[in-house]
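**Student:** Coordinates for the following, if possible.
(one chain, ligands or ions: 1)
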Amino acid sequence: MLYAIAENGTKIMPTYSGQRAICPGCHNEVGARCGHINVWHWGHLSGIDCDSWAEPLSVWHLRWQAYLASLGAEIEVNIERDGISHRADARMKDGLVIELQHSALSVDEIVERERFYQKMIWVFDIRSAYEKERFLIRTKDRYSSFRWKHAKKSIAYTTKPVRLDLGGGEIFRLKKIYPDAPCGGYGHWAYIPELHEQETKYA
Ligand SMILES: [Zn+2]
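**Tutor:** Model (predicted):
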């Protein structure tokens, strides 16, 4: 995670290896991991993240979180429901949760998260599919259709709004996906310059 709680109660980012703080979710001790390869983050001293939904922090997450923060979102928010707590990647002021998903999810995991967050939007990282032309957009018009080779098919089981991150500030707002081969569908293509800027910043 990117933020932990310091002794004085403030939210802090890790600044040096060996630094200690408290996890806002489980209140156990976390240590700063400031290496050369991974994004600097906090890790539980126990070695196990209290949130089973946690994904390793990537530069992709940071870029999105920076962009969403510029829109007024709160980053890494612990949300509790029925005694269970999960760390949402970002939450807008109106309560909308943005779930940033880099790795693949099963259908069950998708259903479980939608049930938990309720008011949410998915952002799936499909940059490599777009780059390798496995995700092909036919026209970048008001309505764009696409073909998707080796699609992340579980996305077809989402019931909340989906944004596909194509990279370079390009976004696909998914409207319909047909999971059967050849996988395709339609939606809206958009370019977000601010998102592209964050990408350059965190390159
Ligand atoms: Zn924890």
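**Student:** Centre-most residue in the chain?
**Tutor:** L100 (1.1 Å; CA atoms, centre = their mean).
**Student:** Run the chain-centre distance for stretch 29-49.
**Tutor:** Its chain's average C-alpha position is 19 Å from that of stretch 29-49, according to CA atoms, centre = their mean, to the nearest Å.
**Student:** brain fart, stretch 7-26
**Tutor:** Per CA atoms, centre = their mean, the centroid offset for stretch 7-26 relative to its chain is 22 Å.
**Student:** what residues does that stretch touch?
**Tutor:** 1-6, 28-35, 40-42, 44, 50-51, 76, 78, 85, 87 (CB atoms under 8 Å, 6 or more residues apart in numbering). The C-beta positions use only the backbone N, C-alpha and C, and glycine is treated the same way.
**Student:** and those residues, which are buried?
**Tutor:** The neighbour count (16 or more other CB atoms under 10 Å) marks 1-5, 30-33, 40-42, 44, 50-51, 76, 78, 87 as buried among those.
**Student:** quick one: which of those sit in strands?
**Tutor:** A4, I5, V30, G31, A32, R33, H41, W42, H44, E76, N78, R87 (DSSP state E).
**Student:** where along the chain do the helices fall?
**Tutor:** 59-70, 107-117, 127-131, 193-201 (DSSP state H).
**Student:** A104 and the ion, how far apart?
**Tutor:** Distance from A104 to the ion, counting by CB to the ion, to the nearest Å: 24 Å.
**Student:** er, F116 actually
**Tutor:** Taken as CB to the ion, the span from F116 to the ion is 17 Å.
**Student:** what does R113 give?
**Tutor:** 18 Å.
**Student:** Also Q19?
**Tutor:** 16 Å.
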